[in-house]
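Peer 1: using only what follows, build the 3D model:
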Amino acid sequence: MFGRTRTEPERRPPGGADVDRAAVAAAKRHPQRFAVLYRKYLPQVYSFAFYELGNHHDAEDLTERVFLSALSALPRFEERGVGASTFRVWLFRIARNAISNQRRALARRREAPAALAEHLPSEIDPDRLTLRNEEHGQAWRAVARLPADRRRAIILRFVEEMSTAEIAAIMGRSEGAVRVLIHRALRSVARDLGRGSAS
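Peer 2: The predicted model follows:
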């Protein structure tokens, strides 16, 4: 229901080394070679930003900022341990922090549209106007209503198809805590969808 199809799963090199080790080393020596990492991860970072922010323009802006931040911080990146600090995990940590900052900024700028809402007919439910009858749209609206940590875990697991170890490293939590987040998120979405179909 949530995932996207991938043609070729990413394989880790022998010994658990970061699959991006050579590309990172090349980009550290010659910053113009960062383009290889940019092309590889652009769709993933953009989709993460879009599912978190719900707006293409905001997602594009944030994605650009994430890669600029990553490029400027690349000389300080160090691979540490198997799976705990890969380039991909490090990049998504930058994205997670940028998304959190963006959400705080949007919350400060957003004005309550109470005056506009007063003029809407009471029988109109704006949340159900789009994709009302499509299960996919309903599921993602339910995901959007989850608390931030649960929503983020679901997006990283089912959209970005990350392992619980990668998600734990990105979110700064244990793998067990991530599994609990995902389990609770899926239960909440199922309950939300059940209420929607009963109404």
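Peer 1: and this protein, what are its domains?
Peer 2: Per automatic domain parsing, the domain ranges recorded for the chain read 17-113, 132-199.
Peer 1: so what secondary structure elements neighbour the host helix or strand of residue 70?
Peer 2: According to DSSP states H and E, residue 70 maps onto helix 56-73. Using 3 or more Cβ pairs under 8 Å, 6 or more residues apart in numbering; DSSP states H and E, the elements in contact with helix 56-73 are helix 34-53, helix 87-109. To be clear about C-beta, it is placed using only N, CA and C from the backbone, and glycine gets the same treatment.
Peer 1: would CSV of those helices with distance to residue 165 and mean pLDDT be doable?
Peer 2: Formatted as CSV, the helices and strands packed on helix 56-73 follow (distance: least, Cβ to Cβ, whole Å; pLDDT from 0 to 100):
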stretch, distance to residue 165, mean pLDDT
helix 34-53, 17, 93
helix 87-109, 9, 85
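Peer 1: return the most buried member of the ones you listed.
Peer 2: Sort the helices and strands packed on helix 56-73 by mean neighbour count, taking mean count of other Cβ atoms under 10 Å, and helix 34-53 sits at the top with a mean of 18.
Peer 1: quick one, what contacts residue 71?
Peer 2: 27, 31, 34 (Cβ atoms under 8 Å, 6 or more residues apart in numbering).
Peer 1: which one is the second one nearest to, not counting chain neighbours?
Peer 2: It stands for residue 31. Of all residues not flanking residue 31 in the chain, residue 71 sits nearest, at 6.6 Å (Cβ to Cβ, 6 or more residues apart in numbering).
Peer 1: per-residue pLDDT, that neighbour?
Peer 2: If you check residue 71, the pLDDT there is 93.
Peer 1: mind listing what's buried in stretch 152-172?
Peer 2: For stretch 152-172, burial by neighbour count (16 or more other Cβ atoms under 10 Å) applies to 152-162, 164, 166-171.
Peer 1: residue 182 against residue 157, yeah?
Peer 2: Yes. Applying Cβ atoms under 8 Å as the test, residue 182 and residue 157 come out as touching, 5.7 Å apart.
Peer 1: shared neighbours of these two, anything?
Peer 2: What both residue 182 and residue 157 touch, as defined by Cβ under 8 Å, 6+ apart, is the set residue 164.
Peer 1: with that, I have no additional questions.
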